[in-house]
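**Q** pasting the sequence and the predicted coordinates here, then a few questions.
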Amino acid sequence: MGYGFKITVEGDMACFTRPEMKVERVSYDVPTPSAMVGLIKSIYWKPAIEIVIDKIIVFNPINFANIRRNEVKDKVKPSLVKSQMNGTGGNPEIITTEVISQRATMLLRDVKYGVEFHFEMTGLRSTHDDESPEKHYSIMRRRLENGQHFRTPCLGCSEMFAKKICLVDEFDMQQISPEITKLGDVDLGFMLYCMNYADKGKADGLDWEDIIFSDSANAVYYRPHMINGVIDVAKYREELRC
C-alpha cells in the first residue's frame, strides 16, 4: 500500500522568500519543498511521520506584485508569557507603535500549484500505542477530503493563506497555463530545499508535556528544473547541497 497523496492548492498571494534577501522580502518564482511541507503539516502532523515532497506543478502564470506594509520587528517572548501565567511577573506586551517598520515585499499573485507527496515513518512514538502507517494515512486522507486543518495553511507567509486545497486522484495537466508550458525547460537555479536541524527533527527525550526540539540548523539547497510546469523534486533530491 502506498502512502502518497496529490493535492491542488490555490491562493490570491504567495511569498516563498529568498534567504539571500536580507531586508526586503523577494519571493522565488515557484514554491520551495519546505514551504509545501509546512502547508501540509498545517493539515496533519505527528512526530511519527515525516512529509516528503515528490513533485510540484505550477499551473498559473508566474506574476509578481510589489506591496509595502507596516510590520512589527519584535516577537513576544515565551518566557515572559510563562512568568505572567505563573504569577511571577513579566510583561509580554508589545507596543506596536514603538517597534513598527515599513518593509517592501515582492510576492506572487493568483497562484495554483499541484503537490504530490508521501510520508515516511520516523520511528518516534507518542503516548499512543497505535502508530501504524495505515492509521496516519486514513487520518490524513479524511482531513484532506473534509478540508480540515488545525492552523490556517499558508503559502510561504502566514497572512498569505491557501484559499482552496483539493485532494485529487490525478492532476489535470491540461490546466497548466500555455504561458508556463511554452517556457519549456527552465533552470530555477539554487533554491532552498529545507532546513537540516541538528537533531534531525527528533526531540531530546520523549516528555510530551515539555518536549524540546533543536533550533540549530543548516540550510540545504537544490537546483531543480521546471519542465513544462512540472518540478520533479524527487529527481533532484539526490543533488542536495548544504
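**A** Looks like it came in fine. Residues are numbered from 1 along each chain as shown.
**Q** ranges for the helices of this structure?
**A** 33-41, 78-85, 133-146, 178-181, 233-236 (DSSP state H).
**Q** would you single out the least confident of these?
**A** Among these, helix 78-85 carries the lowest mean pLDDT, a mean of 82.
**Q** what residues sit buried inside it?
**A** For helix 78-85, the neighbour count (16 or more other CB atoms under 10 Å) marks no residue as buried. All C-beta atoms are positioned from the backbone trio N, CA, C, and that covers glycine.
**Q** and the contacts of the helix or strand bottoming out on mean pLDDT in the chain?
**A** For the chain, using mean pLDDT, DSSP states H and E, the weakest element among its helices and strands is helix 78-85, scoring a mean of 82. Helix 78-85 is contacted from outside by 89, 90, 91, 92, using CB atoms under 8 Å, 6 or more residues apart in numbering.
**Q** neighbouring strands - and their directions - for the lengthiest strand in the chain?
**A** Across the chain, the strand with the greatest residue count (assigned by DSSP state E) is strand 100-121. Partner strands for strand 100-121, per DSSP bridges, with pairing direction: strand 4-14 (antiparallel), strand 25-26 (parallel), strand 49-58 (antiparallel), strand 64-72 (antiparallel).
**Q** and the angle for the third one with helix 33-41?
**A** Our comparison of strand 49-58 with helix 33-41, counting by axes from the mean of the first three to the mean of the last three CA atoms, to 10 degrees, yields an angle of 120 degrees.
**Q** so strand 49-58 versus helix 133-146, what angle?
**A** With the same axes, to 10 degrees as the basis, strand 49-58 and helix 133-146 are set at 40 degrees to each other.
**Q** mind putting the contacts of helix 78-85 into TSV with neighbour count?
**A** Converted to TSV, these look like this (neighbours: other CB atoms under 10 Å):
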residue	neighbour count
89	8
90	15
91	10
92	15
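**Q** please convert the residues you listed to a markdown table, extending it with distance to residue 220 and pLDDT.
**A** Converted to a markdown table, the contacts of helix 78-85 look like this (distance: CB to CB, whole Å; pLDDT from 0 to 100):
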| residue | distance to residue 220 | pLDDT |
| --- | --- | --- |
| 89 | 41 | 75 |
| 90 | 37 | 74 |
| 91 | 39 | 80 |
| 92 | 34 | 81 |
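**Q** and which of those is nearest to residue 50?
**A** residue 92 (32.9 Å; CB to CB).
**Q** which residue, other than its chain neighbours, is closest to the closest one?
**A** Nearest-residue entry for residue 92: residue 80, 4.1 Å, with adjacent residues in sequence omitted and distances by CB to CB, 6 or more residues apart in numbering.
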